[in-house]
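Asks: sequence-free structure coming up:
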């Protein structure tokens, strides 16, 4: 008959195995992924730089819509020019040039389109940053799961160790069983130490995206879960509503608008000004003698050197062609990436379910082996081997969930589902 103490150990092991292999452990209330993404959006210097570039483009609209500064000139006659009314001693000139009709508005329109394209680039950078935060967040979550699993593994091995010691004391198992369990315990302690050391570089990578101290702690609000399949979208024209696609379209629109602007800039510019001439006293008395002169001025630029304008127009046309090819390449990339992500989601979900089913089988097998071992009908090697296999499946289960969530984050990026 087994001792009362031995029976209590067996019951404890049965309970621990059943709970351990049937579900994940932990998760306290804390910040979730969206909270960290919001922090990154507010603090990441790279994203802030993108927004500042957009604000700069907004200011350029006012610059382009404004007139050029007027020109003021002054001339002094070293040898005064004698005229009938007196010698001309100095000349002042103020001139304002005006571009062709509609040119200023066209300039502002080009800059407005460029600013809109820059804003879409900012949104694309924000979505990319959110995905990068996810890519750094879930490995930390996986690491926490692995550490919890390894800690639970040690508690189970400690219980198995007590059981083997009792069996040895009762003469039902050899001392080598105790030594084998101690070996597995030492291996588990080493694995846990390595996992703890792995946390530091993962934390540094994550916190760098949030622009905060490298070892700032990260907490997890909720365990990740699978998403509904009906949330998936069609890949047709997927890129067109994506910020990257909209940014390219904005650049194309700006290039087309620039070709219209260049046509206006090839037209003459009109100048309006005023000359003021300082006249000295005449040598002889004449009407209006010594009276300063005012002279209205009108000037017209002659755009006879059109080579630079033709080159600028060709450059704008080539930019339109370039963006058209970029849009085509982007559409192909999005389509192929979308198909790859859908496969990845299906793959990781299937693996998760497989590991979960395997763990249930292992839990049943371990209960049977524990009962058999107490009656000397099973070996400790079978128990330890099955325990290690379960440990591997539990870690692989955590990794499958991590890979699934990263793939889902990537899907959110390509489908523009980040807000």
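Replies: In hand now; what should we look at? It should be emphasised that the depicted structure is a prediction, and the values quoted were computed from it without experimental measurement.
Asks: What are the buried residues along the one helix or strand residue 92 maps to?
Replies: Assigned by DSSP states H and E, residue 92 belongs to strand 86-98. Within strand 86-98, the residues scored as buried using 16 or more other Cβ atoms under 10 Å are 86-88, 91, 93, 95, 97. Yep, even glycine has a C-beta here, placed from its N, CA and C like the rest.
Asks: now the helix or strand hosting residue 148, how far from the chain's geometric center?
Replies: Of the helices and strands defined by DSSP H and E, residue 148 is found in helix 103-169. Mean-position distance between helix 103-169 and its chain equals 12 Å (Cα atoms, centre = their mean, to the nearest Å).
Asks: Residues contacting the strand holding residue 92, please?
Replies: Around strand 86-98, the neighbours that count as contacts under Cβ atoms under 8 Å, 6 or more residues apart in numbering are 67-68, 70-77, 80-81, 269-283, 289-291, 297, 299, 301.
Asks: what about 6 Å?
Replies: Identification of contacts with strand 86-98 by Cβ atoms under 6 Å, 6 or more residues apart in numbering yields 68, 70-77, 80-81, 269-282, 289-290.
Asks: Next, the angle from that strand to helix 103-169.
Replies: Calculated by axes from the mean of the first three to the mean of the last three Cα atoms, to 10 degrees, strand 86-98 forms an angle of 50 degrees with helix 103-169.
Asks: so how far is strand 86-98 off the chain centroid?
Replies: In terms of Cα atoms, centre = their mean, the centre of strand 86-98 is set 59 Å apart from its chain centre.
Asks: Nearest the geometric middle of the protein, what residue?
Replies: In the chain, the residue lying closest to the centroid (Cα atoms, centre = their mean) is residue 129, at 1.6 Å.
Asks: who's in contact with that one?
Replies: By Cβ under 6 Å, 6+ apart, the contact list for residue 129 reads 40, 44, 47.
Asks: what do you get for residue 53?
Replies: residue 118.
Asks: Equivalent analysis for residue 113, please.
Replies: Counted by Cβ under 6 Å, 6+ apart, residue 113 has contacts 250, 253-254, 257.
Asks: Just give me the closest of those to residue 188.
Replies: The closest of those to residue 188 turns out to be residue 250 (Cβ to Cβ; 56.4 Å).
Asks: number of nearby residues for that closest one?
Replies: Residue 250 sits with 22 neighbouring residues when counted by other Cβ atoms under 10 Å.
Asks: Excluding covalently adjacent residues, which one is nearest to it?
Replies: In space, and not counting its chain neighbours, residue 250 is closest to residue 117: 3.0 Å by Cβ to Cβ, 6 or more residues apart in numbering.
Asks: Confirm for me that that neighbour is in contact with residue 252.
Replies: No. Assessed by Cβ atoms under 6 Å, residue 117 is found out of contact with residue 252, at 8.7 Å.
Asks: rewinding a little: name the member of the contacts of residue 113 that has the highest neighbour count.
Replies: residue 254 (24 neighbours).
Asks: and that residue, what is it in contact with?
Replies: Contacts for residue 254 (Cβ under 6 Å, 6+ apart) come out as 110, 113-114.
Asks: swap in residue 117?
Replies: 247, 250-251.
Asks: can you rerun that using 8 Å?
Replies: 246-251, 253-254.
Asks: now it: how far from residue 243?
Replies: 10 Å (Cβ to Cβ, to the nearest Å).
Asks: Equivalent analysis for residue 178, please.
Replies: 63 Å.
Asks: tally of neighbours for residue 64?
Replies: Applying other Cβ under 10 Å, we find 18 residues neighbouring residue 64.
Asks: what's the closest non-adjacent residue to it?
Replies: In space, residue 64 is closest to residue 107, 3.9 Å off (Cβ to Cβ, 6+ apart).
Asks: Looking at the contacts of residue 113, which are in helices?
Replies: Among the contacts of residue 113, the members falling in helices (DSSP state H) are 250, 253-254, 257.
Asks: now those as CSV including pLDDT?
Replies: Shown next, in CSV, are those (pLDDT from 0 to 100):
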residue, pLDDT
250, 93
253, 94
254, 93
257, 93
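Asks: Now tabulate these in a markdown table and tack on distance to residue 351.
Replies: Shown next, in a markdown table, are those (distance: Cβ to Cβ, whole Å):
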| residue | distance to residue 351 |
| --- | --- |
| 250 | 41 |
| 253 | 45 |
| 254 | 47 |
| 257 | 51 |
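Asks: now the helices for the protein?
Replies: For the chain, the helices defined by DSSP H cover 4-20, 33-43, 45-65, 103-169, 175-210, 243-265, 307-374, 380-414.
Asks: Next, the contact list for residue 393, please.
Replies: Here residue 393 is in contact with 355, 358-359, 362 (criterion: Cβ under 8 Å, 6+ apart).
Asks: Can you get me a residue count around the closest residue in space to it that isn't next to it in sequence?
Replies: Leaving out its chain neighbours, the residue that sits closest to residue 393 by Cβ to Cβ, 6+ apart is residue 355, at 4.7 Å. Counted with other Cβ under 10 Å, the neighbours of residue 355 add up to 21.
Asks: Provide a list of residues in contact with residue 355.
Replies: Residue 355 makes contacts with 393-394, 396-397, 400, as judged by Cβ under 8 Å, 6+ apart.
Asks: Mind doing that once more with 10 Å?
Replies: Neighbour list for residue 355: 390, 392-401 [criterion: Cβ atoms under 10 Å, 6 or more residues apart in numbering].
Asks: cool, and residue 184?
Replies: By Cβ under 10 Å, 6+ apart, the neighbours of residue 184 are 153-154, 156-157, 160-161, 380, 384-385, 387-388, 391.
Asks: Narrow these to those that are buried.
Replies: 153-154, 156-157, 160-161, 380, 384, 387, 391.
Asks: wait, doesn't residue 126 sit right on residue 54?
Replies: No. Using Cβ atoms under 10 Å, residue 126 is not in contact with residue 54; the gap is 11.3 Å.
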